[in-house]
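1. I need the structure of the sequence given here:
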Amino acid sequence: MTNCERIAPDTAIAIVLAAGFSRRFGTQDKRISLLVNGQPLLAVSVARACEAFEQVFVVLREEDDPTVLGLPDNVAVLRAPRALLGLGASLGDAIAAIRRDPSMAKVSAAAILLGDMPDIASSTLRALCRQSASDRIIRPVFLSSHSMSPGHPVLFGRDFFNELERLDGNEGGKEIIQRHRNAYRQVHVADPGVCRDIDTPEALERWRDIDNHKG
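-> Alright, predicted model coming up:
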């Protein structure tokens, strides 16, 4: 528990997608790759989400053992029976489970995070959630000196849960954003972590170098 104000569960929840097979990473399970601090990648990404949200769900494959992945007991796990079909199918499975849960009836939005993005600041997550609403889709855009880069997480209001549940295959919510441009809001942030994912061994080494220089 941190001393920062966290997002209440009746405002927004966090869903961390971690049911993929990360084939670009090779044969090693990327989720348990160790970062500079000696903690597994997925566990660090989830810990960041837990700093900002009262309720965090991690989406895993049916055969995954959360303990092996380094996840704490207080993190809820959602299983993705269709994980083999891709990220979109896993997200659809997760949203279906949320919609079936009566305790989640007051949730107004879901922040969709990726399990390989350990560097998003909790202050950024809270800032994004303050912009969220049931009828909005919120996405951060990192502003640098020479570019604007859309990042993650994407926060979908409850009005779009029905469409999220129907997702199939490897495509995420991109088509939903395209269909609802009037509901789409970009939030400019100064946090490069919203664009920094670790999808290859080389990306992991670059991240370690950056983190070492921070110290």
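2. Enumerate every residue touching residue 33.
-> Contact partners of residue 33, counting by Cβ atoms under 8 Å, 6 or more residues apart in numbering, are 25, 40, 41, 198, 204. Quick note: C-beta positions are derived from backbone N, CA and C, even for glycine.
3. Farthest-apart pair in those, please.
-> Longest distance between any two of these is 13.3 Å, between 25 and 40; criterion Cβ to Cβ.
4. Specify the beta-bridge partners of the residue nearest in space to the middle of the chain.
-> Central residue of the chain (Cα atoms, centre = their mean): residue 113, 0.7 Å from the mean position. Beta-bridge partners of residue 113, counted by DSSP bridges, are residue 16.
5. All the helices of this structure, in order from the start?
-> 41-52, 87-100, 122-131, 161-165, 174-179, 201-214 (DSSP state H).
6. Out of those, which is closest to residue 10?
-> Closest among these, using Cβ to Cβ: helix 122-131, at 11.9 Å.
7. ok, and for the closest one, which residues are buried?
-> 122, 124, 125, 126, 127, 128, 129 (16 or more other Cβ atoms under 10 Å).
8. Find out how far that helix is from the centre of the chain, if you would.
-> Relative to its chain's centre, helix 122-131 lies at 13 Å (Cα atoms, centre = their mean, to the nearest Å).
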